[in-house]
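quick one: sequence and predicted model below, then my questions.
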Amino acid sequence: ENGDWRDKLYEQLTVQQRQGLLSVENFIGLEFLDSSGEIPGNLRLMGNFYASKYVSQGRKDPTDLDRAQYYLELALERTERAFHHLNDCGLLYLEIIKPGQLATAELHFEESRSKRRNHQRAAYNLGSIALERGYRAADTVGKLKYYHAAHDLLTEALSYPVWEYTKSIEREGDIHYNRACC
């Protein structure tokens, strides 16, 4: 719950755990399993694992990025685009892929909010996109427009009780920090 690549999933695992996971992945072929039970959650974990691996290793191996995107998109398909999988895909386009693809990320976060409004993650990331657009704006009027939009989204995020499924003090701190930046 509430997991994403920023939790350093890859770094937290021992060498034995990493290699075990990589070996099992090649042996089983998760994409061929049916959608019942824990498969969509495992696809999400694999997507976040590869995103974490990609970032941890300096964004040098495009295969890791491809695997992250593949597993997250597969999880979306298997869950009829569940809100939390949309958040993971949005984050991939916002922070993992460089340069970030703000418009694509924004679509994922907006769709997530349309499926489940009362969680902080999508509003926070939409606020981050608005803040980034404010930084990039050429004139003061444009900057202020985006900063106000970011502030409103981050204030809204603080009104929700959970990050996705449970409360996250760390992520709530991120919301306060970005809101102060506005």
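Cool, the structure landed.

from here on, contacts and neighbour counts on C-alpha atoms
Fine.

the bottom helix or strand of this structure by mean pLDDT?
helix 15-28 (a mean of 68; mean pLDDT, DSSP states H and E).

which parts of stretch 150-170 are buried?
150-151, 153-158, 160, 162-164, 167-168 (16 or more other CA atoms under 10 Å).

what's the answer for stretch 70-81, then?
Within stretch 70-81, judged by 16+ other CA under 10 Å, the buried ones are 70, 71, 72, 73, 74, 75, 76, 78, 79, 81.

out of those residues, which comes closest to residue 41?
residue 75 (7.5 Å; CA to CA).

what separation is there between the closest one and residue 45?
In this view, residue 75 and residue 45 are 10 Å apart by CA to CA, to the nearest Å.

what's the overlap in contacts for these two?
Here residue 75 and residue 45 have no joint contacts, going by CA atoms under 8 Å, 6 or more residues apart in numbering.

contacts for the strand or helix carrying residue 74 next, please.
Residue 74 is located in helix 62-78, with elements delineated by DSSP states H and E. Defining contact as CA under 8 Å, 6+ apart, one finds that helix 62-78 is touched by 31, 35, 40-41, 43-44, 46-51, 53-54, 81-82, 85-86, 88-89, 92, 96-97.

which is the next helix or strand following that helix?
Using DSSP H and E, the helix or strand that follows helix 62-78 in sequence is helix 83-91.

now that following helix - C-alpha only, PDB.
Extracted as PDB, the C-alpha positions of helix 83-91 are listed here (Å, rounded to 0.1, in the frame of the first residue of the first chain):
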ATOM      1  CA  PHE A  83      -6.800   4.400  -9.800                       C
ATOM      2  CA  HIS A  84      -3.600   3.300  -7.900                       C
ATOM      3  CA  HIS A  85      -2.200   1.800 -11.100                       C
ATOM      4  CA  LEU A  86      -2.900   5.000 -12.900                       C
ATOM      5  CA  ASN A  87      -1.000   6.900 -10.200                       C
ATOM      6  CA  ASP A  88       2.000   4.600 -10.800                       C
ATOM      7  CA  CYS A  89       1.900   5.100 -14.500                       C
ATOM      8  CA  GLY A  90       1.500   8.900 -14.100                       C
ATOM      9  CA  LEU A  91       4.600   9.000 -11.800                       C
END
